[in-house]
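Asker: Below are the sequence and a predicted model; questions follow.
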Amino acid sequence: MHDHADSRRAVHSGVISHVGTEIRGAERKLEQFFHFGDLVPLAVSSVGPLFSIAATGGVMAAQAGWYTLPAIALMAIPFLISSQVFKLLNRHFPHAGASYHWSARVMGKGMSRFQAWVLILAYFTSIPPIIIPASSYTLQLIVPGYHPSAAVSLLVSTFWTGFALIPLLGGSKPTARITQVFFSLEMLSLVGLTVLGVMDWGSLHVGVHPGPPPWGGILVVTVIAATILDGWEIDSYAAEESKRPHQDPGKAGIVGSLVAFGFYVLLYPLILGETPMNRLAGSSDPLAVWGQRLFPHAPWLIIIPILASTAGGLWLTTYILTRALFAMGRERLIPNSFGRLNKRYVPSVAIVTSLGTALVVTAIELFFKSLSAFFGLVLSAAGFFLVVEFFFDSLTATVFLVRAHRDYLPSVHGAPYSHRHRLMLWASILANLMFGSFIVTFFVVGPKAIGSDIDWVLAASLVAGLLFTWITRRRAQLIYVFQAPDTDQEPLAAPVVGGVSDI
């Protein structure tokens with residue numbers, strides 16, 4: 001009995017070397033509203049599968065050709081593992097900061113501060129590339145064939161940015177309900193497009209001549225695929241707004257990741273098999289090219305679902321970023337104003353600042369051609385930053401599980417470790433190796449696919465992260481929002497006692 005107690009104290013002290021305080025005061029607590037049925041549409045719509053195909057499919061086809069889907073499947077392996085990792089870490093540490101907070105609990109505050117920087121880059125660089133297409137699709141729908149000026153494009157971009165503020169500033173309930181409407185439209189579109197594509201296969205299919213695999217292009221596509229396979233993790237950042245923070249976050253993400261991958265498994269073979277490759281490769285919207293072949297006299301049938309997917313992806317990607325910024329502001333890693341809530345219990349400063357800054361970047365891209373190339377280069381690195389972010393998440397899980405395996409007895413309360421987490425440990429190690437190899441490979445093949453200066457942009461961004469880590473070394477305090485699960489049920493988690501965690 002004494003050995004059991006010693007082993008449990010060892011894990012509690014080994015998982016993290018510093019203490020945190022329990023959150024106090026309703027002004028710092030998000031409203032708990034989301035049920036599992038609310039989180040699943042968030043997880044799927046945040047990926048924006050139809051928008052993702054429209055935005056990246058042309059680049060992927062140009063790089064990997066017929067091997068686009070195998071390249072996506074290759075990147076899907078560590079992402080699907082990550083969905084299990086997120087479930088595991090959510091079970092122990094539900095928090096609006098999600099991966100940034102998990103890193104602090106397991107890896108220490110220094111690693112967490114660097115990961116916070118990567119997280120900001122990963123999600124902020126994903127927002128402007130959504131705003132501009134939202135404007136383009138809107139104009140295509142309203143005035144087909146029109147070539148807008150920069151001012152008109154910015155005006156429509158401003159509209160969508162303002163529209164995204166409605167659910168975000170409205171709170172959890174309008175965010176869930178509006179997302180469900182857009183989610184329903186996207187799912188109906190998936191079914192309709194798949195059925196039409198299968199029915200028209202006989203008249204539309206083209207010859208398939210894959211040739212030898214373009215390995216460099218396939219590796220580039222794997223990193224690009226990070227931008228179309230992420231987003232399902234939104235339920236982790238919604239953990240503090242979940243009715244069951246220890247149970248539902250993570251589960252919805254698994255569903256979201258599987259559904260998003262299912263979109264690509266269904267649609268990519270039809271798109272590639274029914275559209276000449278020379279029309280897809282490099283196209284700014286390959287989904288629309290395929291759609292013109294399906295219903296040439298009604299292009300709006302494909303534009304409306306893409307626009308709905310784009311709009312949903314805009315406010316939900318912003319949602320992830322703002323919840324992370326809220327957590328950082330609450331813990332004083334960044335200005336404290338980011339951690340404040342308005343009367344609807346949403347971090348309004350983080351929301352307005354994120355979308356406002358993204359709109360400024362969008363305006364610069366539209367009006368200043370000399371700077372647009374630079375910003376385009378930075379924003380094209382979103383996939384790289386996402387891969388780095390997920391690499392750190394897998395590393396956090398690996399360290400957490402290794403310490404659990406090392407510090408606990410082979411059996412705790414009749415639940416052998418091998419039956420609980422050993423498979424997850426090996427899976428997280430595999431994800432580490434895959435994400436790590438993609439990161440290294442991107443520095444080699446990225447300049448050929450994106451631009452010769454991309455390596456310098458990435459290196460400068462990572463060095464800036466080290467500077468951010470050093471500057472903020474005395475700022476952050478670790479705040480715990482929920483008590484951990486009962487240790488008799490979940491021996492890897494530590495309880496919060498008297499406002500201070502004993503881990």
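Answerer: Arrived safely, thanks for sending.
Asker: Pull out the buried residues from the helix or strand harbouring residue 83.
Answerer: According to DSSP states H and E, residue 83 maps onto helix 68-92. Neighbour counts over helix 68-92 (16 or more other Cβ atoms under 10 Å) mark 68-69, 71-76, 78-92 as buried. From N, CA and C alone the C-beta is placed, and that goes for glycine too.
Asker: which strands and helices sit next to it?
Answerer: In terms of contacts (3 or more Cβ pairs under 8 Å, 6 or more residues apart in numbering; DSSP states H and E), helix 68-92 is packed against helix 49-64, helix 215-224, helix 226-229, helix 234-237, helix 251-274, helix 382-407, helix 422-449.
Asker: now do 10 Å
Answerer: For helix 68-92, the packing partners by 3 or more Cβ pairs under 10 Å, 6 or more residues apart in numbering; DSSP states H and E come out as helix 49-64, helix 99-106, helix 215-224, helix 226-229, helix 234-237, helix 251-274, helix 382-407, helix 422-449.
Asker: May I have the phi/psi pair for residue 34?
Answerer: The phi/psi pair for residue 34 (degrees, to the nearest 10) reads phi -70, psi 130.
Asker: From what I see, it and residue 241 are in contact.
Answerer: Yes: under the criterion of Cβ atoms under 10 Å, residue 34 makes contact with residue 241 at 5.2 Å.
Asker: Quickly list what's touching both of those two.
Answerer: Shared contacts of residue 34 and residue 241, defined by Cβ atoms under 10 Å, 6 or more residues apart in numbering, are found at 172, 175-176, 235, 249.
Asker: Which members of these are the farthest-apart pair?
Answerer: Spanning the widest gap among the shared contacts of residue 34 and residue 241 are 175 and 249, at 15.2 Å by Cβ to Cβ.
Asker: for the closest residue to residue 172 other than its chain neighbours, what are its contacts?
Answerer: Once flanking residues are discounted, residue 172 sits nearest to residue 33: 3.7 Å by Cβ to Cβ, 6 or more residues apart in numbering. Residues in contact with residue 33 (Cβ under 10 Å, 6+ apart) are 171-173, 175-176, 238, 241-243, 345.
Asker: Also residue 465?
Answerer: Counting by Cβ under 10 Å, 6+ apart, residue 465 makes contact with 113-118, 120-121, 385, 388.
Asker: can you do 6 Å?
Answerer: Residues near residue 465 by Cβ atoms under 6 Å, 6 or more residues apart in numbering: 114, 117.
Asker: Same check on the one 3 residues further on?
Answerer: Contact partners of residue 468, counting by Cβ under 6 Å, 6+ apart, are residue 117.
Asker: and residue 462, what helix or strand is that in?
Answerer: Residue 462 belongs to helix 454-471, assigned by DSSP H and E.
Asker: Tell me the strands beside the very next helix or strand once past that helix, with direction?
Answerer: Tracing the chain past helix 454-471, the next element assigned as helix or strand by DSSP H and E is strand 479-480. According to DSSP bridges, strand 479-480 forms sheet pairs with strand 21-22 (parallel).
Asker: Can you list the neighbours in contact with the helix or strand that the strand it pairs with is followed by?
Answerer: Following strand 21-22 in sequence order, the next helix or strand is helix 36-47 (DSSP H and E). The contact list for helix 36-47 (Cβ under 6 Å, 6+ apart) reads 176, 179-180, 182-183, 231-232, 234-235, 248, 252-253, 255-256, 259-260, 312, 316.
Asker: And for residue 39, the neighbour number?
Answerer: By other Cβ atoms under 10 Å, 29 other residues sit near residue 39.
Asker: OK, contacts around the nearest residue to it once chain neighbours are set aside?
Answerer: Leaving aside its sequence neighbours, residue 39 sits nearest to residue 252 (Cβ to Cβ, 6+ apart; 3.5 Å). Listed by Cβ under 6 Å, 6+ apart, the contact set of residue 252 reads 39-40, 43, 235.
Asker: Now with 7 Å, please.
Answerer: Contacts for residue 252 (Cβ atoms under 7 Å, 6 or more residues apart in numbering) come out as 36, 39-40, 43, 235.
Asker: And stretch 30-38, how far out from the chain middle?
Answerer: Distance of stretch 30-38 from its chain centroid, counting by Cα atoms, centre = their mean, to the nearest Å, is 19 Å.
Asker: for stretch 342-359, that is, sorry about that
Answerer: Offset of stretch 342-359 from its chain centre (Cα atoms, centre = their mean): 19 Å.
Asker: will you turn the shared contacts of residue 34 and residue 241 into CSV that also has secondary structure?
Answerer: What follows is those, written out as CSV (DSSP: H, G, I helix; E, B strand; the rest coil):
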residue, secondary structure
172, helix
175, helix
176, helix
235, helix
249, coil
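Asker: Output those as a markdown table; include the columns distance to residue 149.
Answerer: Putting these into a markdown table (distance: Cβ to Cβ, whole Å) gives the following:
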| residue | distance to residue 149 |
| --- | --- |
| 172 | 38 |
| 175 | 33 |
| 176 | 37 |
| 235 | 40 |
| 249 | 44 |
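Asker: Could you give me the PyMOL syntax to select whichever of those are buried?
Answerer: The PyMOL selection below is limited to those of those classed as buried (16+ other Cβ under 10 Å):
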select buried, resi 172+175+176+235+249
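Asker: I'd like the shared contacts of residue 34 and residue 241 as TSV, with pLDDT and distance to residue 361 appended.
Answerer: Output for the shared contacts of residue 34 and residue 241, formatted as TSV (pLDDT from 0 to 100; distance: Cβ to Cβ, whole Å):
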residue	pLDDT	distance to residue 361
172	90	28
175	93	24
176	93	28
235	94	27
249	93	30
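Asker: follow-up on the earlier one: tell me which of the helices and strands packed on helix 68-92 sits most buried.
Answerer: Mean neighbour count (mean count of other Cβ atoms under 10 Å) peaks for helix 234-237 among those, with a mean of 30.
Asker: Just the CA trace of that one, in CSV.
Answerer: Provided in CSV are the C-alpha atoms of helix 234-237 (Å, rounded to 0.1, in the frame of the first residue of the first chain):
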residue,chain,number,x,y,z
ILE,A,234,-11.3,22.9,-32.0
ASP,A,235,-13.2,20.9,-29.4
SER,A,236,-10.0,20.9,-27.3
TYR,A,237,-9.9,24.7,-27.3
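Asker: That helix: how far from the chain's middle?
Answerer: The chain centre lies 9 Å from the centre of helix 234-237; the measure is Cα atoms, centre = their mean.
Asker: and if you look at stretch 203-213?
Answerer: Using Cα atoms, centre = their mean, the mean C-alpha position of stretch 203-213 is found 32 Å from that of the whole chain.
Asker: Stretch 124-140 too?
Answerer: That offset, for stretch 124-140, works out to 17 Å (Cα atoms, centre = their mean).
Asker: just checking, residue 455 touches residue 445?
Answerer: No: in this structure residue 455 lies outside contact range of residue 445 using Cβ atoms under 7 Å: 10.5 Å.
Asker: Would you mind identifying the next helix or strand past the helix or strand hosting residue 305?
Answerer: Residue 305 belongs to helix 300-330 when assigned by DSSP H and E. Per DSSP H and E, the first helix or strand lying C-terminal to helix 300-330 is helix 348-367.
Asker: tell me the mean pLDDT for the helix holding residue 462?
Answerer: Averaged across helix 454-471, pLDDT comes to 91.
Asker: Tell me which residues of that helix come out buried.
Answerer: Buried, per 16+ other Cβ under 10 Å, within helix 454-471: 454, 457-458, 461-462, 465, 468-469.
Asker: same deal with stretch 180-199?
Answerer: Under the neighbour-count criterion of 16+ other Cβ under 10 Å, stretch 180-199 has 180, 182-183, 185-187, 189-190, 193, 196-197 buried.
Asker: ok now that stretch, how far from the chain's centre?
Answerer: 23 Å.
Asker: Now do it: everything it contacts.
Answerer: Residues outside stretch 180-199 that contact it (Cβ under 7 Å, 6+ apart) are 41, 44-45, 49-50, 263, 266-267, 270, 274, 294, 305, 308-309, 311-312.
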